[in-house]
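Chemist: Requesting a structural model of the entry that follows:
(chains A, B, C, D, E and F)
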Amino acid sequence: MIWILDITMLFFLVVCAIAAISIKDLLSAIIILSAYSLIMAIVWVEMHSVDVGFTEAAVGAGITTVLFITTLARTEGRSED
Amino acid sequence: MSGIQESVIIRTVVRIIVPFIQLFALYVIMHGASGPGGGFQGGVIFGAAIILYAMIFGIGEGKKKMSDALDKILASTGLTIYAATGLICIVCGGMFLQYGAVPLIPDNPAEVSKYLIDLVEIGIGITVLAVMISLFFNVSPPESEPEEAEE
Amino acid sequence: MSGILDIVYAEYNYWIYVTLMMIGFYAMIAKKNLIKKIIGANIFQTAIFLFYISLADVTKGTAPILVGGHGAEHAEHAADVIYTNPVPHCLILTAIVVAVSTTAVALALIIRIYNEYGSIEEDVILAARKELQPEFSEHARQRGVAEVSEQ
Amino acid sequence: MTGFELIATHLPILTVVVPLIAGFLTPIVGWIDRRLPWYWVMLAMFVVLLIAGNNLVTVINSGTIQYKLGGWDPPFGIEYVIDLLNGFVCLIIAFIAFMVSIYSKESVKKEVPGKTTPFYSVFLLLITGLMGMTITGDIFNFYVFLEISSLTAYALIAMGDRGDGVVASFNYLIMGTVAASFILLGIGYLYAVTGTLNMADMQNLLPSIYQNKVVLAALAFFMVGFSIKVGLFPLHAWLPDAYTHAPSTASALIAGLMTKVGAYAMIRFMFGVFTPDFVITTTGMTNILAWAAALAIIVGSVLAIAQSDIKRMLAYSSISQIGYILLGVGLANMIGMEGGLLHVLNHALMKCALFLVAGAIFYKTGIRNLYQFKGLGKKMPVTTTVFMIAALSMIGVPGTVGFTSKWYLALGSVDAGQWIFVFVILLSSLLNIVYFWRVFDNIWFGHPHEIEHIKKDEAPLTMLAPMVILALLCVFFGLFAYYPVHYVIEPLSVELLKLGGMP
Amino acid sequence: MKTLALFVVVITGAMLIYAGQDLPAFGDINSPAYQAPMTQYFIENALPESGVTNIVTALLANYRGYDTLGETAVIFTAGMAVILLLRRRET
Amino acid sequence: MMVIEINSITPLLAVLVSMVASVMILAFGKYPNIREGWTFVAAFIKFGLVISMLPLILKGNVVTYTVVEMLPNLPIAFKVDAFGILFAITSSFLWIFVTSYSIGYMRSLKEHAQTRYFFCFAIALSSAVGIAFSANLVTLFLFYELLTISTYPLVAHIETPEAISSGRKYLTYLMIAGVSLLFSIVVVYHYTGTTEFSFAGIAGMETIPQTTLVILFITFMIGCAKAAFMPLHAWLPAAMIAPTPVSALLHAVAVVKAGVFTALRVILYVFGVDLMQGSGLWLYMAYFVSITIILASIYALMQDNLKKRLAYSTVSQLSYIVLGAVLITPHGLTGGMLHIPYHAFMKITLFMCAGALIVTAKKENISEMKGIARQMPITMIAFTVGALGMIGMPPVGGYVTKWFLLLGAAELHSMILIAVLLVSAILNAAYFFPVIYVAFFKKPDHELKYKEAPLTMLVPLVLTAIVSIVIGIWPDAPGMFLDIVEIAVANVTGGGI
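Modeler: Purely as a prediction, here's the structure:
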């Protein structure tokens, strides 16, 4: 039982989520979102759902981030809020 | 991204690593039956390999590997494999997607379903990789790409 | 472990997912930047996924991959193992795919919006739309009425 | 087993799989020849229409059809259940979609130039999504198809007016995502306390745990989610823009079907997952729904009066009409329920016809401001006549479909002792007259200054035919409402409200 | 807008917490979802009926294969939607 | 009295004839002669069909036909009884005259959109006959709404802002009425489970609580706003902006009579004589319409525009009919019902004369009509005939109905109602005699240079004037209106006079 690790990671999740929505630089926000996804994937794997964790790592931290960043390349990088 | 694209080291590394990623993706797809992984994850990884390639060598190069038409056809094909499997089950007298009904190996529906699950996973994989690549190609900026400017 | 910690521990995932959902939901509604909204949507959805996965977990359980692989020779050994609930995993695999699809479409829309209005800030877009659309204004309505009475 | 019997057994699944496969294959068909997709869609929709018709007839004759996907028994596998309710809704979907697909030929060519193939692909997938949502007996499967239909709807709406369409679509996406997430959460809650995903199974398990707070929360999340999906009044913000700025084909399809299916889903979840006594008496959810619907009826009508864009006007009118359906459901008595269900059919016919007309006018003249419609009655007599019939139907003139549902709703309100709802319905009739009559005045009485000599200039036949058919049906079902009511609506209401001692 | 958003979010949160009181505890093996016949059936029968050891895959591709077909259709839809939205012309 | 129900498609055909004609009118819109030929043919066929049912009705039978069961227990059905055929004969017979008159009028003024005009006219006539033949409230409501909608383009025909706003007013009043009527129908259905008219009133009406019953009666009467009861009369003078044939047929006969007809149907065939008496509603209604009778006459007195004066006169006369019905006595009923055709013939004569004046002399105001009778003697004589009828002077028809009404009032010993009838007769005289006086005896301001209206207009108005006299001289000729009315009254009171 590694619930301390669990809780630490869950805490990080909340921190990442708040950071992702409040940071003004969108690229940073996206990278933080990517980190959020990765942590989420680890949490899930730790909860014995390997398939979902695997998928989240590939999708959330991979494809979604790529798509976000390419979108940023075609729009603008800063947010007003 | 131009800085990265000109770096020889990265280009070489990517050129070497992409086939391995693809291989890994195929493994993930096929391994889905007995361990974590499956068509979707494998498809995403396979797609990511080509996306990585396209990011480094430019979308034009990427499109040479995976043209739009091929992309569309692959996307359709993957799904058609899936749906056709379901329809074959119907033709063989079962319900839609009732793998056991297909008389591939007599008296062992579990084995049949194992193979058909693999087939279906491959179908998913094909669609997912095609769509992932198509998503990337469409979302990424067109101006860096000379071919598209001619259109 | 103290009593309070016990309660917190027993349901800590739920508190986290509630928090994450609220953060994501707030971003979706209150943030003016369109990409921020989508980031919010992602957080919102993953929070729900977290709920599902928490639901599936069983203390001292193991991943729902049958121990011992193929064949019946390990069957007696497998009977002792507690597996986590596989159903939510399956559901969430599907839901993740849905989420990434929604994100892709949303990003494509954002690119289109940026091409049309040159901004991804909601209030800027709103202002631009008001300027571009005289035909839906009250003025136009009255002009329409004036045309009737001219006759 | 002969081939015919084989197909007959599998008709339920084919209802969804035919448009699905057709949708996958559209890119290939379009790759062969760009003109083919339209014929392809027509063919697919026609087949779906036949299947849906057959399904309903089978249900009427021999009762509910169950189809076990993959051959797994219900709680374990996904199950398709076609009863009167979704057989009926499926037929409506299939029919409206067929009409719109005929209509789409010229309209899509003009409004979505150069993208017809993906457009049709998405079109078919939208139908798939709606069909899947309707026909399924499994709540998670429902969610998957809900997302298919939502994603396609976002894409179709974004194809409309430059800029506006995209923004409308984006707003819809945000709202739709919230709705879908709420529904997903609700599904999760119900799964957490029952351990099943099958609707019928869930309905059996739920009554023993109604005191559980999770169940109530699930119901609340479902209601909010579906309210967003149908555009019920306080949550309607996405709807007017989306309907206004979508391409005509998409507007007709989405206005005709999306909200209907949302309403269907609401009914299904309220009476097919939870039990009537829980939603009606224990929680009083139907009562809340009825009041919200009454508010929607009035506000929608009033806002419609303030619009000068015809599609926008129709969109607000949709908000009010959705209120009718939900009011009928919310009354939760036999007659009110009949009215609400009947209005699903009626509103689909009327609103689809109206949007098709708006599209045809836009196609021919490029005008959407209804104050510029002068002389249109002479220029496009058939189109405007269709508009007239459909609009009179919306007003509720007897002999058209609008009357029959209004009659039931009013009667149902009286039965429920809710006189205020009767006044709401009647008042909204008056408001409907106000906003539709402006259009009549402009169409029939105007003298356009700019055009001295008005020539007849109708839309092409592929656009006219579906409109005329819909208008004729508006009258047909107005006069012969007995048939849908007798064969479908009445037994359906009994079934839903668990009257007549059914299990 | 921000106040309204906060309001809505807090209400939603309140609803979630309200429901949370009756949710089964985390990791509880006696939770209804785990003890439901469905879950047990899957764990027992995944191998003999589907021939795969990964129960999630068995569920995904076999028992709930139709969901997965839908999921793939969603992916495909997204691809088509993005093509529709961003492609300038048909190729 | 045994009432035999005879199933026959004739009522449906009678209604549909002009519907079919309206399609043909549209199809031949480019050829005026053929177009109007269709109108004529339809008018004759319609009248023929209606009159063909008369012998059956006179034997005391009813003709029924169920078109379609729209909703379970809610059919669209026709039932022709004596009262229905009375209204149907009146309107279909007069359509023949008005068709002829319309052709003359529209062509003389070179009106625009004549196809639309004839089209709507045909639909309106169908609706009027449909109302007459309706077997139940829902069918009646259907045609009632159809009548409103089809007459709107006729009212707003000239398309000036004034016409449009009058049209709007017309629509507003009548649609509110329609909604109110629908509400009432719903309530009736809720309590009784049927909407079918019955000679003794719908069974089950007596179960309605007293307050609800009163409210129901009020909403029904609001629903009959086509009958132009006083607070709801404003649409009628406004509608006078329509071309005169429209005013003549629709706003002297079809539309307003449809309102009155509906009111009578409701009072006698839905509520029933017993319930009206039992609940005391009849008395309130009688006083209420009395106010309309007097007030409208006073309004008429103040109008200078001839058509408006006639309109107010119509408002006042319509209330006679309802007054007769609510008196509940056989005589009162006879008077009220008989006034439907009688007033129609007289008022249409007056309107057609007014139209003739507009076409030839371009005069609408009474003060401008000095000495006009010298130039247009035939028209003005016909006008005089109509006016005398309205005042109630023998031998023109009007006196017959007034006599019956007075008898009815006298039977009840109601001095107030008798006084109302007398005062209104005096007021009638007061607003009609000046017209006649001005036309015949005043010297024109300057030389008048016009002649009679075209024959297509003159012949109908002379004929209707003659009919007005005939029905006054031989009111009891066999098969005439009085016969029909007697049967109708016998039906509702359950016995002979």
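
Chemist: Quick one: end-to-end distance for stretch F:443-463.
Modeler: For stretch F:443-463, the first-to-last residue distance is 29 Å (CA to CA, to the nearest Å).

Chemist: Now do that stretch, average pLDDT.
Modeler: Stretch F:443-463 shows a mean pLDDT of 80.

Chemist: Now it: buried residues?
Modeler: F:453-454, F:456-458, F:460-463 (16 or more other CB atoms under 10 Å in any protein chain shown). C-beta here means a position set from N, CA and C on the backbone, and glycine is covered the same way.

Chemist: For these, which two are the farthest from each other?
Modeler: F:Pro454 and F:Leu463 (14.9 Å; CB to CB).

Chemist: for chain A, what are the low-confidence residue spans?
Modeler: Counting by pLDDT under 70, the ranges of chain A that qualify are A:1-3.

Chemist: Quick test: name the residue nearest the centre of it.
Modeler: Against the mean C-alpha coordinate of chain A, by CA atoms, centre = their mean, the closest residue is A:Tyr36 at 2.4 Å.

Chemist: excluding its backbone neighbours, what's nearest that one?
Modeler: A:Cys16 (3.9 Å; CB to CB, 6 or more residues apart in numbering or on different chains).

Chemist: Contacts only, for E:Thr68.
Modeler: Neighbour list for E:Thr68: B:82, B:120, B:124, C:94, E:60-61 [criterion: CB atoms under 8 Å, 6 or more residues apart in numbering or on different chains].

Chemist: got a list of what F:Leu281 touches?
Modeler: Counted by CB under 8 Å, 6+ apart, F:Leu281 has contacts F:213-214, F:217, F:271, F:275, F:326.

Chemist: from the residues you listed, which would you call buried?
Modeler: Counted by 16+ other CB under 10 Å, the contacts of F:Leu281 give F:213, F:217, F:271, F:275, F:326 as buried.

Chemist: so what secondary structure elements neighbour the strand or helix carrying E:Thr12?
Modeler: When elements are defined using DSSP states H and E, E:Thr12 is found to belong to helix E:2-20. Secondary-structure packing of helix E:2-20 (3 or more CB pairs under 8 Å, 6 or more residues apart in numbering or on different chains; DSSP states H and E): helix C:3-30, helix D:213-230.

Chemist: which of these is buried the deepest?
Modeler: helix D:213-230 (a mean of 24; mean count of other CB atoms under 10 Å in any protein chain shown).

Chemist: and that helix, does that touch chain E?
Modeler: Yes: against chain E, helix D:213-230 shows contacts by CB under 8 Å from any CB of the partner chain at D:213-214, D:216-218, D:220-221.

Chemist: same check, this time on stretch D:258-278
Modeler: No: legend: contact between stretch D:258-278 and chain E by CB under 8 Å from any CB is lacking; minimum distance shown is 15.0 Å.

Chemist: Please compute how far stretch A:56-66 lies from its chain's middle.
Modeler: 9 Å (CA atoms, centre = their mean, to the nearest Å).

Chemist: Contacts for that stretch next, please.
Modeler: Against stretch A:56-66 from outside (CB under 8 Å, 6+ apart): A:30-31, A:33-38, A:40-41, A:44, B:41, B:44-45, B:47-48, B:51, B:55, B:132, B:135-136, C:42, C:46, C:49, C:96-97, C:100, C:103.

Chemist: What of stretch F:401-411?
Modeler: With CB under 8 Å, 6+ apart as the criterion, stretch F:401-411 contacts F:320, F:323-324, F:327, F:329-336, F:338-339, F:342-343, F:392, F:417-418, F:421, F:425.
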